[in-house]
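Student: Fold the following for me, if possible:
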Amino acid sequence: MSDELKGHAVQSAAMRERAEAEMKALGIDEAFIGKLVDTFYARVLAHPELGPVFDARLSGRWPEHMEKMKSFWSAVAFRSGAYGGKPVQAHLGVANMSPELFPKWLGLFAATLDDIAPNEEAKAWFMATAERIARSLTLSLFYNPALDDPALKRS
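Tutor: Okay, the predicted model is just below:
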């Protein structure tokens, strides 16, 4: 292994250790991640606007999706690098998805955290992360740079 690769491995391990310590200090563990995902997606399915969009895409594949989301949130929280999915590509072409659904998704996520987060700091960390994810997906899926053209704004 080259010195550069060794250095990268050491740096990655240190990042994971810091993330694990940070999550432990917030009261976050794998059990919480599982409860968060299970509780949140139960609410998504029951939501009159979000439920049909998610269920149409995931019908018959919910167990796999739930495991993938638990892996995703665990990888994000603990910086494990364990999640190898492609979120933008996974959301491309989802029928009836619109930018207006993201605030509703965030609202359900916040309500879930209000009910189950171990403390305000944990809630704040997960909400800030969810907001970054929602912003990134919204821009990736719906942003049209032509709409920012100053020439178009004058007309």
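
Student: How far does the helix or strand hosting residue 134 sit from its chain's centre?
Tutor: Element membership for residue 134, per DSSP states H and E: helix 120-142. Here the centre of helix 120-142 is set off from its chain's centre by 7 Å, with CA atoms, centre = their mean, to the nearest Å.

Student: Now do that helix: which elements does it pack against?
Tutor: Helix 120-142 is packed against helix 3-26, helix 87-91, helix 101-116, with contacts defined by 3 or more CB pairs under 8 Å, 6 or more residues apart in numbering; DSSP states H and E. For the C-beta atoms, the positions are set from N, CA and C on the backbone; glycine is no exception.

Student: How about stretch 23-34, which residues are buried there?
Tutor: Neighbour counts over stretch 23-34 (16 or more other CB atoms under 10 Å) mark 23, 26, 28, 29, 32, 33, 34 as buried.

Student: Now, the residues you listed that are in helices?
Tutor: 23, 26, 32, 33, 34 (DSSP state H).

Student: Just give the nearest non-adjacent residue to the first one, would you?
Tutor: The shortest distance from residue 23 to any residue other than its chain neighbours is 5.3 Å, reached at residue 77 (CB to CB, 6 or more residues apart in numbering).

Student: Make sure that neighbour is actually in contact with residue 30.
Tutor: No - look at residue 77 against residue 30 with CB atoms under 8 Å: they stay out of range, at 9.1 Å.

Student: where do the contact lists of these two overlap?
Tutor: Residues touching both residue 77 and residue 30 by CB atoms under 8 Å, 6 or more residues apart in numbering: none at all.

Student: quick check: angle from the helix or strand hosting residue 67 to helix 120-142?
Tutor: In this assignment (DSSP H and E), residue 67 forms part of helix 62-78. Relative orientation of helix 62-78 versus helix 120-142 (axes from the mean of the first three to the mean of the last three CA atoms, to 10 degrees): 120 degrees.

Student: Can you name every helix or strand that helix 62-78 contacts?
Tutor: On a contact count with 3+ CB pairs under 8 Å, 6+ apart, helix 62-78 meets helix 3-26, helix 30-46.
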